[in-house]
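# what would the 3D arrangement of this be:
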Amino acid sequence: MAGHIEARLTELGIELPTAAAPVANYVPYVITGNLVFVSGQVPLAGGELQLPGRVGEDVSAEDGQNAARICALNLLAQVKAALDGDLDRVARVVRLGALSIRRLISPASRKSLTPHRT
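Next up is the predicted model:
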């Protein structure tokens with residue numbers, strides 16, 4: 001049986017994706033006490049990065065909003081996974097974080113962007 005939050009999402013026509021597995025060396029969420037900390041999410045859908053770029057330069061404002069929506073759905077999906085599928089356990093959201101990826105940088109280019117210390 002779906003909880004109140006799941007029912008409301010369904011009523012709004014919103015379907016949460018399956019929580020994405022990490023694509024790098026990080027954990028998608030950490031539970032400490034009664035808090036869940038979710039790693040920043042990118043606009044990943046169907047295993048593919050969606051709408052990379054800078055709003056106003058590479059993507060339209062509408063595409064930027066769509067990317068933000070995908071990030072938000074991914075955040076909710078991770079919270080749902082952390083809480084064994086029960087979003088009704090959420091009492092309060094303290095902080096949200098999402099990432100927009102402008103361009104993929106090659107490892108060689110990344111080295112040139114790293115500040116050198118003397």
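# got the phi/psi numbers for the residue most central in space within the chain?
Per C-alpha atoms, centre = their mean, the C-alpha nearest to the average position across the chain is that of Gln41, at 2.3 Å. Dihedral pair for Gln41: phi -110, psi 150, per degrees, to the nearest 10.
# could you check how far it is from His4?
23 Å (C-beta to C-beta, to the nearest Å). Every C-beta, even on glycine, is put in place using the N, C-alpha and C of the backbone.
# what's across from the residue nearest to the centre of the chain in the sheet?
Beta bridges link Gln41 to Ala98, judged by DSSP bridges.
# give the buried residues for stretch 65-81.
Neighbour-count burial for stretch 65-81 flags 66-67, 70-71, 73-81 (criterion: 16 or more other C-beta atoms under 10 Å).
# who touches that stretch?
Contact partners of stretch 65-81, identified using C-beta atoms under 8 Å, 6 or more residues apart in numbering, comprise 14, 16-20, 28-29, 36, 38-39, 41-45, 50-51, 59, 86-87, 90, 96-100.
# the same query, at a cut-off of 7 Å, please.
Residues external to stretch 65-81 that are found in contact with it (C-beta atoms under 7 Å, 6 or more residues apart in numbering): 16-20, 28-29, 36, 38, 41-45, 50-51, 87, 90, 96, 98, 100.
# what's the ChimeraX line that selects buried ones from these?
Under the burial definition 16+ other C-beta under 10 Å, those of those that qualify are selected in ChimeraX by:
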select :16,19,20,28,29,36,38,41,42,43,44,45,50,51,87,98,100
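# fine by me, we can end here.
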